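[1] quick one, structure for this:
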Amino acid sequence: MPYVKRWSPPWTITDGRAGNVRQAVALATALKLGAHRPLVLTPRAPWRWLAPRWLPGAAAGYGEAFTALAEEVPELAIGCGRQAAGALRELRRRGTRVVQILDPRLSPRHWDLLVVPEHDRLRGSNVLTLLGSLNPVNDDWLACGRAAFATFSALPGPRTALLVGGPTPHAPWHEPDMVQVFQQLASQLRAEGGSLLATTSRRTPPALVGALRSAFADVPNVIWGDGGDGVNPYAGLLGWANRVVVSPDSVNLLSEACATRMPVAVALADQAQGRLAHFQSALRERGRLQLRWLDWQKEGRIEPLRETTRVAEEVRARLGIQGR
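    A predicted model of the protein is given here:
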């Protein structure tokens, strides 16, 4: 029999930010090479300032854990974000195959493969593009979410999941406008019946958590607003939802909502600018977003947006990773 090389489980390298970790882990898992090994960078100056530009001594510039990893020369590393891009450059110099997620703002030639959203401009022979962002959402993930939060099945339908992020330069919405969104959605639920499954993020203005609880106080609900509410039931929210509403500020949240088989609407959609507006437009062209806020259409089968498996298959083909 011909020799088939067996690849070691990949390392995921990030700055620890939740969105970056989520994308790196999603790709590492989809490659099906075994449990990934995480590393969170602790960069020091000047590497912290200048990444992903390479400077001599880079092996010692991203923290002690990275220094030790660079001595091992791992087989495959997947990174997400600017700091990870700098660290991956050093690993590649030592022989590691590296995959960078998100545009590093430098020539693609410094990495083996890059994975970037279609709404970014970066292109090249080693650049893979996708609509939205990498994420773990598929039928198995949703089923696990339903199993882990089985009590949500007792909530009356339709169950509306509400995913709230926070204002960004590309979606500079204001708190009073989001409070109005809460009130409009609560009014619809009172009139038509159903329940709310809501979660906020680290970027959500603290005052909005209280406004969220107040707006839906007389509506059956599960609201996760901070660490004091226990484990974030995010997978359960998406698993049990019949429809999903997302704030306009996060490619990750919208990508994950659209990876379900439920209708999705964007609240304050007109606040999105630049790449966020382009992403929403692309989803509407695919028929994946509701055209009008809170006007839930009776739709047939919905095709979920699931790019992670496709990207992983392309990464495997480009790097010569054999199937298992």
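
[2] low-confidence ranges in this protein?
    Confidence mapping of the chain against pLDDT under 70 gives the ranges 1-5, 227-228, 298-300, 323-324.

[3] tell me where the longest helix sits in it.
    helix 175-192 (DSSP state H).

[4] so what touches the very next helix or strand once past that one?
    Counting by DSSP states H and E, the element after helix 175-192 in chain order, helix or strand, is strand 195-199. Applying Cβ atoms under 8 Å, 6 or more residues apart in numbering, the external contacts of strand 195-199 come out as 152, 155-157, 159-164, 185-186, 189, 212, 216, 219-224, 232-234, 236-237, 240-241. In this view, the C-beta of every residue, glycine as well, is placed from N, C-alpha and C.

[5] got a list of contacts for the very next helix or strand once past strand 195-199?
    Next along the chain after strand 195-199, taking DSSP H and E as the criterion, comes helix 206-215. For helix 206-215, contacts defined as Cβ under 8 Å, 6+ apart pick out 162, 164, 175, 178-179, 182-183, 185-186, 198, 200, 223, 225-226.

[6] and which of those is nearest to V21?
    T200 (18.4 Å; Cβ to Cβ).

[7] show me what contacts that closest one?
    164-165, 208-209, 212, 224-226.

[8] same check, this time on D229
    If you count contacts by Cβ under 8 Å, 6+ apart, then D229 has I223 around it.

[9] could you say which helix or strand holds the residue nearest the centre of the chain?
    Geometric centre of the chain, nearest residue: N252, 3.5 Å, by Cα atoms, centre = their mean. According to DSSP H and E, N252 maps onto helix 251-258.

[10] who are the packing partners of that helix?
    Secondary-structure packing of helix 251-258 (3 or more Cβ pairs under 8 Å, 6 or more residues apart in numbering; DSSP states H and E): helix 18-30, strand 159-163, strand 243-246, strand 264-266, helix 274-285.

[11] which of the ones you listed sits closest to W293?
    strand 264-266 (5.8 Å).

[12] let me see the ranges of the strands in the stretch 1-150 of the chain.
    Secondary structure of the stretch 1-150 of the chain (DSSP state E, counting those that start in this stretch): strands located at 11-14, 37-40, 76-80, 97-101, 113-117, 127-130.

[13] so how far is stretch 78-90 off the chain centroid?
    The chain centre lies 18 Å from the centre of stretch 78-90; the measure is Cα atoms, centre = their mean, to the nearest Å.

[14] if we can go back for a sec, nearest to Q273, out of the strands of the stretch 1-150 of the chain?
    With Cβ to Cβ as the criterion, Q273 lies closest to strand 113-117 of these, at 15.3 Å.

[15] so what touches the longest helix of the chain?
    Residues contacting helix 175-192 (Cβ under 8 Å, 6+ apart): 158, 160, 162, 164, 195-196, 205, 207-208, 211-212, 215-216, 218-219, 245, 247, 267-268, 271, 294.

[16] change it to 7 Å
    160, 162, 196, 205, 207-208, 211-212, 215-216, 219, 245, 247, 267-268, 294 (Cβ atoms under 7 Å, 6 or more residues apart in numbering).

[17] now find how far off-centre it is within its chain.
    The answer for helix 175-192 is 26 Å, by Cα atoms, centre = their mean.

[18] ok so, going back, and the contacts of helix 206-215, which is closest to P117?
    Checking these one by one against P117 (Cβ to Cβ), the nearest turns out to be V164, at 21.8 Å.

[19] just checking, the closest one touches R202?
    No. If you go by Cβ atoms under 7 Å, V164 and R202 don't touch, sitting 11.2 Å apart.

[20] neighbour-wise, which of the two wins?
    V164 (25 against 10; other Cβ atoms under 10 Å).

[21] from A35, how far off is the more buried one?
    32 Å (Cβ to Cβ, to the nearest Å).

[22] tabulate the contacts of T200 (TSV), appending distance to R284.
    Output for the contacts of T200, formatted as TSV (distance: Cβ to Cβ, whole Å):
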residue	distance to R284
V164	21
G165	19
L208	26
V209	30
L212	27
W224	29
G225	30
D226	33
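
[23] closest one of those to V127?
    Once Cβ to Cβ is applied, the member of those that ends up nearest V127 is G165, at 27.0 Å.

[24] what's the neighbour count on the closest one?
    Counted with other Cβ under 10 Å, G165 comes out at 21.

[25] dump the residue contacts of it.
    By Cβ under 7 Å, 6+ apart, the contact list for G165 reads 201, 203-204, 247, 249-250, 253.

[26] list buried residues within those.
    Buried by 16 or more other Cβ atoms under 10 Å: 201, 204, 247, 249-250, 253, out of those.

[27] alright, that wraps it up for me.
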